[in-house]
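**Student:** 3D model of this:
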Amino acid sequence: MSKSGSPPTDGRPVADAAIPRGRLGTRHILFLIVAAAAPLSAMVGTVPLAFAFGNGAGVPAAFLFAGVTLFCFSVGYAVSARRTGGSGGFYASTADGLGRPPAVAAGFVALLAYNCATIGLAGALGYFTQLVLAAHGFTVSWQWCAAVGLLAVAVLGYREIAVSARVLALLMLGEIGILLALDVAILARHGLSALPTASFSPQVATGPGLGVAVMFAFVSYIGFESAALYGKEARDPRRSVPRATYAAVLLITVFYALTSWLAVGALGTGKVREAATERMGDLFFVLGDDFLGTTGNTGLQILLCTSLFAATLALHGAANRYAQVLAEDGLLPAALAVEHPRHRSPHRASIAQSVLTALVVGGFAVAGLDPYADLTTSMLGLGTLGIVVLQAMAALSVLGLRLRQRRGQPQGHWWREVVAPLLGFAGLAASVWLVTGNFAMLTGSPDPLIAKLPWLLVAVAALGLTYAGVLRSARPDRYRQLGARHLTTADPGPVPPIERGTATGTSIPTARLPERASGDRHARST
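**Tutor:** Residues are numbered from 1 along each chain as shown. Reported below is the predicted structural model:
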């Protein structure tokens, strides 16, 4: 990318050393991706559903299973992150491992999924903020609550990503702090009996409803994989992106498993399903009132709203960076690829995403539809399914890299490039099957139109494959460069030899990639 922020006009991949680095370190990226997963929102929103419709007291084991699976996914995804310079997300990973047509399909699906997830969270933000304000005597419509939240997201999304990272750090510490306070309060009252071993017994952990519990567990992690979108803004992407991904999945797993386990202990192993069915979304507020008192429960309510805002902001950043990546490769209007000269942010993509979210949320409001039952459940459900599909494709991409290595090349590590991604793919493929089969439960809507939403992902993927085929025939030079700008050497050692390229009239270094046999052979992965 040139200093003006315009994509290279010759389509050559930019060397890692040529990309101006931002100020994001590992901890900043960690804040961005943990905030996207919204731990407090997951506890309040999905854990009661997992208790009620899943395997009850065995839910902590489901979170542990999901965490181990996603850690295996992260090990394989780190291979792609090092090869792509930690940028480009699922689009770059798929291009590197499975080829250009699947990459275009993945890019379009990612754009749809992250935008839908952002829109769904905006509806949830308006809905829950209205409820919390009403509980304390303030009458404000959900439309105004959502509008104020979206305005704040738009302002922060326009600016340098480090500003958002600092805001998200503060909000994330708040929501993790209140969860820790609840955990400590439960332990202080019940002692070790608050950690019932029955939750991890084979009989309970694999009991009726296991599939539904595993589905909600995987859904609760959505957003942690977005580290690979911030490589261009990181100081050391080849190290910080994998480290942040590992740290995120471990941190989220510990909190999800521990907090749900303590909730089982507080409610009683034999009573947790009944309590969750009766209380549903109020379950953790009841626990908060019981163990933290009125003041603590009020803090829990407020921090739920800030958690939803943080998740909306984080997914907004992911969505507009996918738009920027696709625009850089000519798959979207080039204007969306331009970076702000001072903030170094994809400001035009951010504006476009903010306008889209406002239009969709406004359309639901004008139609008089419910912000949660209609907007949040449908949009967030579709976005969640799309992201899980993309995670499975990313795991498959690492296996594709291994299979496409040329004979005689040194082989990568068996754990990182074969076993871990294979385990991750198996778990994620099962999650896709579970989410698809239980989509009505995930969205909470019996509407047959909502049940057909997953077909939209298939249609968008087919559109991407078709467009890639058209480019291959009509614009072969442009087709050959799809995804190539993100491919760098996987070895975090010296920068590879460079050649001189031209970008918007400015001579810049570009990485020389290994030649690809039949247009699709890839460099060795370490």
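**Student:** Against R416, how distant is the residue nearest to Y114 when sequence neighbours are not counted?
**Tutor:** Nearest non-adjacent residue to Y114, counting by C-beta to C-beta, 6 or more residues apart in numbering: A319, 3.9 Å away. C-beta: built from backbone N, CA, C; applies to glycine. Shown here: A319 relative to R416, a distance of 29 Å by C-beta to C-beta, to the nearest Å.
**Student:** and what of A162?
**Tutor:** Distance from A162 to R416, counting by C-beta to C-beta: 30 Å.
**Student:** residues near the residue nearest to Y114, how many?
**Tutor:** Look at A319: counted by other C-beta atoms under 10 Å, it has 31 neighbours.
**Student:** contacting residues around the residue nearest in space to the middle of the chain?
**Tutor:** Nearest to the geometric centre of the chain sits G223, at 2.1 Å (C-alpha atoms, centre = their mean). Contacts for G223 (C-beta atoms under 8 Å, 6 or more residues apart in numbering) come out as 33, 35-38, 117, 311, 314-315, 318, 387.
**Student:** and the stretch of helix or strand the residue nearest to Y114 belongs to, how far from the chain's centre?
**Tutor:** Assigned by DSSP states H and E, A319 falls within helix 283-328. Centre-to-centre, helix 283-328 and its host chain are 14 Å apart (C-alpha atoms, centre = their mean, to the nearest Å).
**Student:** Also stretch 159-166?
**Tutor:** Stretch 159-166 has its C-alpha centroid displaced from the chain centroid by 18 Å (C-alpha atoms, centre = their mean).
**Student:** ok, now stretch 337-352?
**Tutor:** Centre-to-centre, stretch 337-352 and its host chain are 21 Å apart (C-alpha atoms, centre = their mean).
**Student:** swap in stretch 426-434?
**Tutor:** 16 Å.
**Student:** How about stretch 37-49?
**Tutor:** Stretch 37-49 sits 15 Å away from the centroid of its parent chain (C-alpha atoms, centre = their mean).
**Student:** tell me the mean pLDDT for it?
**Tutor:** Stretch 37-49 carries an average pLDDT of 86.
**Student:** now swap in stretch 67-82 and tell me
**Tutor:** 86.
**Student:** Keeping just the C-alphas, turn that stretch into PDB.
**Tutor:** Provided in PDB are the C-alpha atoms of stretch 67-82 (Å, rounded to 0.1, in the frame of the first residue of the first chain):
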ATOM      1  CA  GLY A  67     -12.000 -24.100  23.800                       C
ATOM      2  CA  VAL A  68      -9.700 -27.100  23.100                       C
ATOM      3  CA  THR A  69     -11.000 -27.300  19.500                       C
ATOM      4  CA  LEU A  70     -10.600 -23.600  18.900                       C
ATOM      5  CA  PHE A  71      -7.100 -23.700  20.300                       C
ATOM      6  CA  CYS A  72      -6.200 -26.400  17.800                       C
ATOM      7  CA  PHE A  73      -7.800 -24.200  15.100                       C
ATOM      8  CA  SER A  74      -5.600 -21.300  16.400                       C
ATOM      9  CA  VAL A  75      -2.400 -23.400  16.000                       C
ATOM     10  CA  GLY A  76      -3.200 -24.000  12.400                       C
ATOM     11  CA  TYR A  77      -4.400 -20.500  11.800                       C
ATOM     12  CA  ALA A  78      -1.100 -19.100  13.100                       C
ATOM     13  CA  VAL A  79       0.600 -20.800  10.200                       C
ATOM     14  CA  SER A  80      -1.600 -18.800   7.800                       C
ATOM     15  CA  ALA A  81      -1.100 -15.600   9.900                       C
ATOM     16  CA  ARG A  82       2.700 -15.900   9.600                       C
END
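**Student:** quick one: least confident helix or strand in this protein?
**Tutor:** strand 506-511 (a mean of 29; mean pLDDT, DSSP states H and E).
**Student:** Name the residues of stretch 447-465 that are buried.
**Tutor:** 450, 453-454, 457, 460-461, 464 (16 or more other C-beta atoms under 10 Å).
**Student:** Need the residues that contact it.
**Tutor:** 101-102, 104-109, 112-113, 377-378, 381-382, 385-386, 389, 436, 439-440, 443, 445.
**Student:** Just these: which are in helices?
**Tutor:** Those of those mapping onto helices are 101-102, 104-109, 112-113, 377-378, 381-382, 385-386, 389, 436, 439-440, 443, per DSSP state H.
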